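>>> When you get a sec, could you give me coordinates for this:
(2 chains)
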Number of protein chains: 2
Amino acid sequence: MDRLDAIFSPESVAVVGASSTPGKVGHDIFENILKGGFQGTLYPVNPKARSVLSVRCYKSMMDIPDPVDLAMIILPPRIALKTVDDCIKKGVKGIVIVSAGFKEVGGEGAKIEDEIANKCRDAGIRLIGPNCLGVINPSENVRLNASFSARMPHKGNISFISQSGALCTAVLDFAADRGFGFSKFVSIGNKADVDELDLLRYYHKDPETNVIMIYMEELRFRPTFIEEVKEITSGDRPTPVLVIKSGKTAAGAAAAASHTGSLAGSEAVYNAIFDQSGILRVDTVDDLFDYAVAFSARKIPAGNRVAIITNAGGPGIIATDMTEMSGLQLAKFSADTDWNLHQFLPPTANFNNPIDVIGDATRERYQNALETVIQDENVDCVLMILTPQSMTDAIGTAEAIVDTYNNSTKPIVCSFMGVVDVSAGVKYLQENQVPVYRFPEDAARAMGKLYDATQWLGRQILPEYDLTFDTKRATAIVDLCLAEGKTVLGEDDGKELLACYGFDIPAMKIADSAFVAGDIAEEIGLPVVMKIVSPQILHKSDAGGVQVGLKTREDVETAFTEIMASSKNYNPDAEIKGVLVQKMVPPGQEVILGVTKYPGFGHLLMFGLGGIYVELFKNVTFRLAPIGRNNARRMVRSIKGFEILDGFRGKPKADVETLEKLIIGLSAMVTNHPQIKEMDINPLFVHEQGQGATVADIIITFDD
Amino acid sequence: MDRLDAIFSPESVAVVGASSTPGKVGHDIFENILKGGFQGTLYPVNPKARSVLSVRCYKSMMDIPDPVDLAMIILPPRIALKTVDDCIKKGVKGIVIVSAGFKEVGGEGAKIEDEIANKCRDAGIRLIGPNCLGVINPSENVRLNASFSARMPHKGNISFISQSGALCTAVLDFAADRGFGFSKFVSIGNKADVDELDLLRYYHKDPETNVIMIYMEELRFRPTFIEEVKEITSGDRPTPVLVIKSGKTAAGAAAAASHTGSLAGSEAVYNAIFDQSGILRVDTVDDLFDYAVAFSARKIPAGNRVAIITNAGGPGIIATDMTEMSGLQLAKFSADTDWNLHQFLPPTANFNNPIDVIGDATRERYQNALETVIQDENVDCVLMILTPQSMTDAIGTAEAIVDTYNNSTKPIVCSFMGVVDVSAGVKYLQENQVPVYRFPEDAARAMGKLYDATQWLGRQILPEYDLTFDTKRATAIVDLCLAEGKTVLGEDDGKELLACYGFDIPAMKIADSAFVAGDIAEEIGLPVVMKIVSPQILHKSDAGGVQVGLKTREDVETAFTEIMASSKNYNPDAEIKGVLVQKMVPPGQEVILGVTKYPGFGHLLMFGLGGIYVELFKNVTFRLAPIGRNNARRMVRSIKGFEILDGFRGKPKADVETLEKLIIGLSAMVTNHPQIKEMDINPLFVHEQGQGATVADIIITFDD
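Model prediction:
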């Protein structure tokens, strides 16, 4: 038995701080549990009252003569702390602290919250809150409404986790209005103990939960989060997880010195986490409900080929547009389907997709069309549109849809347009768990989201590359740098570290005079590239500190003088260590790799096409380290413009395999050396297939 | 008096084809007018009935003893045609044909529709339909529900034009559910006479219409459409126009030979028309209603600085996110505002934007906060969020908002979260025309759409350039080409035409041998570019038919041989006219200009950054010709990556003024020579500011 059962399905509940004064939280919550028809036993606790709402009241937890599973605490911090001690003595199994005034106000409140959390942990008690709305479980044999909300939702198979209490009330109202049911509903507040991951695990195991919805302000990230949630969203019995994430911050990004740092806001971190763990992100509460309804039926399409059946042209066109905008495509019917459709549809019908069964379509005509297309091998899912017209039989058509639906594994989504005329049909579909929407575009978008899950579940998983890195040498290099107080490495001193993780860096040496530069160039071989070396000059091009394609000794000597002059001019205070002379990198596609450390989450890896693509279009993708081959592969392939690496317009393909291996190397590097704060490898030249890749510039920053 | 008044506000209506049989269209429409409380006189016409729904029936139009303003015809095509003759004799002023079976089925139906349209036009009668749902006007002194829909909507100030009859019913149902009112409502069906532009003009003049919503499948485009609608959306008393456009087709795009043609689908045409005429496009019916509610209040913000007031943190964060995603920003309050807020808000409140008045906020606290921020000069508009909590006074707060709202020109949008607990407040706001939404993200998105209108109304309008083109010479060139049967011009024969419209083309000649190529190169000056000339080889690079940067006579001669060989290899059947030797174009930013002719609409102009941007990212923008300086300017500035032309990262600015003039030249060229079917100028090199631009390659196609 899970310890959270004591919170979601208790046999007895004590409300500590229960009150007889309407409008007080301690009154409302007690009343809501009592009137909600709780199937267990309820004990009000209040030293000053004889009874609350006619129920005999106890002076303290200790006075309750029976065992108590769950204590709901509605008391200010100091008294709450004492009550927690009583709860421990009493042997309660779960605690929910509704009251505010804890960590969110800081000071003593924060201290008491920590104390309470520690006590609960030591006692093996799970704690929800403080500063939360409470817990709801509408299941027949529990019927617990331990919340502010007077309204007990219907029973359904969707479970909800909210960080915001205020949103909960609105969501419950909205759900009631849409006839939407819940399995479990919780507001987690300050997350002193129970957090998102605990609840995701619990809901995933819950046979009454088919979909999980989360309203998240900030995630309490744990290192195992991605791996555990990946198992939830794509393991043996996957549970879809939908999230609304609000609250963007620019923290850390504004002051970043690297490209990666300036591109990697908290949005990038969250999107990476959601992508890697298979959580589907949505933008609005409307969408959250629309998609949850679609997922709650536990059917997802095998592919993206949609059949549309409608009794009106216009809505069919809208559905077609939104189908294509949602990443789906219209199915092309087999000859059999076409032949069958001609047997019962009138000649004025449209036999191609979207099928128009015409305004006077009866139940039978809809049913025949649906039965025909759903058996077509070229159809993965069906979108049914019904508009109320004179012959329309909304309830009959709904019954026909439910019949077919129950006998097929293919998902069906419906749009019964209009509210009143079609409401009996809508209700019948809802009761039978067939997703139904008011407008066809909503139905099509929901189907598109189902197909997102199809792609996630069907993602290609290849065996890991067999890579070895020289971790020992790398550790020595990092330790030496830190010992010497070097916190910024350029390519002259960073190349050794990168080499340990499989990166190729062209031969190079630093020159301190034009003559030495000429010697170096002849030694490593012309043509060469030359770059200023100064810890204060990070964007070397802007300083006129870079010259490329130098083909003769004379060119090299002139370049040395020019680079020194313009760099001094750019920043007269810069400490200049010389000019790096580097063998010119063979041609290849410019890409950027980068890393930035995100406090509380770890290292965020970035990949993008280099040059103007990253600087202007900010066309980059992120993953949270550590990652392996499959995430590296998806990173590279998800970038807009991947075609450029994949042989666009007859150009040779780039060495994408090496690129993937280097991303894995980068991930290993920051995982092994967490002192790395930021890194840009920009550009990395990826050569033709089989020819590897060469680093052309590096900045690595360590923690101060 | 407008002739459409006879249709929207008739004093007398004849229903020809009225029927006593429930379920028949002729019955339902008659019943809906009768029971809807029509304020004029109603005459059923049916040769076989003595009365319909107890109302004395007439055998024909001619038997009605009184004048008739509007005839609703529900009859099959041939009988409808005869009835139209009767209507003309009778002197009716407007006709609505509801029945189907006309142009949409082709054949005789189409012929009869044309005949009816011609007769009406000759008689000065306006005609709506055929194949439509009808007309509704809920105004007290009219109350006309001449439609299929049993439900008469509330009176409001939003007017609706729908092409799809089926959608109308759903929209009316949906509107009833949301308490949404209409001013005029029409389904236009086949548009035999009255079309979108007629109705836009009529609605714009209607004092009872504040916003126009259109559901469009395809537009009947008229050459004056853009100019007239621009006047409607941004003239003296602008009326916002919102459109849902569905029905994308790939017609014409698939087979196109030019880049422009392949990028310019019908979506590009419609988006160009909407952009140029100030029509705001939306994606879903939900959005259409959300935005219409916001616009119906006839207040738009002066700028994009939003103040948010909330009694709960989470929804405030959601609103902040969506505010920023909608192109708005959070206002920074003045010191006065800050001081004032501190006078009445509790210390635990949040005084910065979004202002959190805390869960126990009363009506007074909301009102004080609203009054304070709305008077701040740094605030352009306010978003009010109310969540139901124990002290919340939804109706009182609504009253306070309405008070402030009526005394300010700044728009306010509200989100009263939850359905039941806040419904009295929501109703009060709706009755007083204050836009109110269920979720804060919807309110923020609606405010963003209002700001789109602000930007449209405030768009910069500069005087036209004084440009002259050599139209006479250009006409002679085009005539000669057509006379010679030349339908495709490359740069050798197209350069003269482009030169007439201000384009610079580098010196060039065609060589038919390696030796001649060398001579030409020396004559026009090295370095040169060389390109194959063949009507069958349009994408010359793909054929190995281009070499650039040829610096010596030897290079030129070798290049000639190589180009000839690889082009013959690429297409052995191609007719090869030689190799063009062209002076190398000085450096500049590559852009693409293009044109494609769109049947029924005219020439669509395209601009984009060249090379990989257009080929891979399809990052281009369109306008329908003719355009002047201001549209050319907005085209150039609207492109993603405009920064590249505008001095990105310290690079010199490109000659954007010349680019604008060349776009105007292109527009003039296709307007003067409508035989031009498609054109690519790709690339055009735009040099540094003041240095002009040079065409590097051209394809022009004429109509066959």
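>>> drop to CA atoms for contacts and neighbour counts, all remaining ones
Will do.
>>> what number of residues lie near the residue in the stretch 401-550 of chain A positioned nearest to chain B?
Closest to chain B within the stretch 401-550 of chain A is A:Gly418: 4.0 Å, counting by Cα to the nearest Cα. Counted by other Cα atoms under 10 Å in any protein chain shown, the residues lying close to A:Gly418 total 26.
>>> so it, which of the three states?
Secondary structure, DSSP: H, G, I helix; E, B strand; the rest coil: A:Gly418 is coil.
>>> That one against B:Ala170, yeah?
Yes. Using Cα atoms under 8 Å, A:Gly418 is in contact with B:Ala170, at 4.0 Å.
>>> who touches both of those two?
The contact sets of A:Gly418 and B:Ala170 overlap at A:387-388 (Cα atoms under 8 Å, 6 or more residues apart in numbering or on different chains).
>>> How about the secondary structure of A:Ile273?
Secondary structure state of A:Ile273, per three-state DSSP, is helix.
>>> residue contacts, it?
Taking Cα under 8 Å, 6+ apart as the test, what A:Ile273 contacts is A:226, A:623-624.
>>> so how far is A:Glu267 from it?
To A:Glu267, A:Ile273 is 10 Å away according to Cα to Cα, to the nearest Å.
>>> What residue spans form the domains of chain A?
A:299-457, A:507-584, A:589-702 (automatic domain parsing).
>>> Spatially, and excluding backbone neighbours, which residue is closest to the residue most central in space within chain A.
Central residue of chain A (Cα atoms, centre = their mean): A:Phe274, 2.0 Å from the mean position. Distances taken as Cα to Cα, 6 or more residues apart in numbering or on different chains put A:Leu280 closest to A:Phe274, at 6.7 Å, once the chain neighbours are dropped.
>>> Would you mind confirming that A:Asn672 is in contact with A:Thr471?
Yes. Between A:Asn672 and A:Thr471 there is a contact under Cα under 8 Å: 7.5 Å.
>>> number of nearby residues for A:Asp336?
Neighbour count for A:Asp336, taken as other Cα under 10 Å: 12.
>>> same question, A:Pro76
16.
>>> wait, what's in contact with it?
Counted by Cα under 8 Å, 6+ apart, A:Pro76 has contacts A:99-101.
>>> Could you check the pLDDT of it?
Looking at A:Pro76, its pLDDT stands at 95.
>>> do the same with the one 10 residues further on
The confidence metric pLDDT takes the value 97 at A:Asp86.
>>> Now do the contacts for it.
A:61-62.
>>> now the strands for the stretch 501-650 of chain A?
A:508-511, A:528-533, A:546-550, A:578-583, A:589-598, A:602-609, A:620-624 (DSSP state E, counting those that start in this stretch).
>>> and the residue in the stretch 101-250 of chain A that chain B sits nearest to, how many residues sit next to it?
Proximity of the stretch 101-250 of chain A to chain B (Cα to the nearest Cα) peaks at A:Ala170, 4.0 Å away. As a burial measure, A:Ala170 scores 26 neighbours (other Cα under 10 Å).
>>> show me the contacts for it.
B:387-388, B:417-419.
>>> coming back round to it: now the contacts of A:Pro76 in JSON lines, please, with extra columns for distance to chain B.
Formatted as JSON lines, these follow (distance: Cα to the nearest Cα, whole Å):
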{"residue": "A:Ser99", "distance to chain B": "13"}
{"residue": "A:Ala100", "distance to chain B": "11"}
{"residue": "A:Gly101", "distance to chain B": "10"}
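>>> which one of the residues you listed has the most neighbours?
Most surrounded of the contacts of A:Pro76: other Cα under 10 Å gives A:Ser99, at 22 neighbours.
>>> Make sure I have this right: it is in a strand.
No. Going by three-state DSSP, the assignment for A:Ser99 is coil, not a strand.
>>> got the buried residues for the helix or strand hosting the residue of the stretch 101-250 of chain A closest to chain B?
Per DSSP states H and E, A:Ala170 falls inside helix A:165-178. Buried residues in helix A:165-178, defined by neighbour count with 16 or more other Cα atoms under 10 Å in any protein chain shown: A:165-176.
>>> what does the helix or strand just after it contact?
Using DSSP H and E, the helix or strand that follows helix A:165-178 in sequence is strand A:181-182. If you take Cα under 8 Å, 6+ apart as the criterion, strand A:181-182 is touched by A:137-138, A:153-160, A:175.
>>> State the distance from the residue lying closest to A:Gly628 once chain neighbours are set aside to A:Thr471.
Distances taken as Cα to Cα, 6+ apart place A:Ile664 nearest to A:Gly628, at 5.8 Å, with adjacent residues excluded. Distance of A:Ile664 to A:Thr471, given as Cα to Cα: 14 Å.
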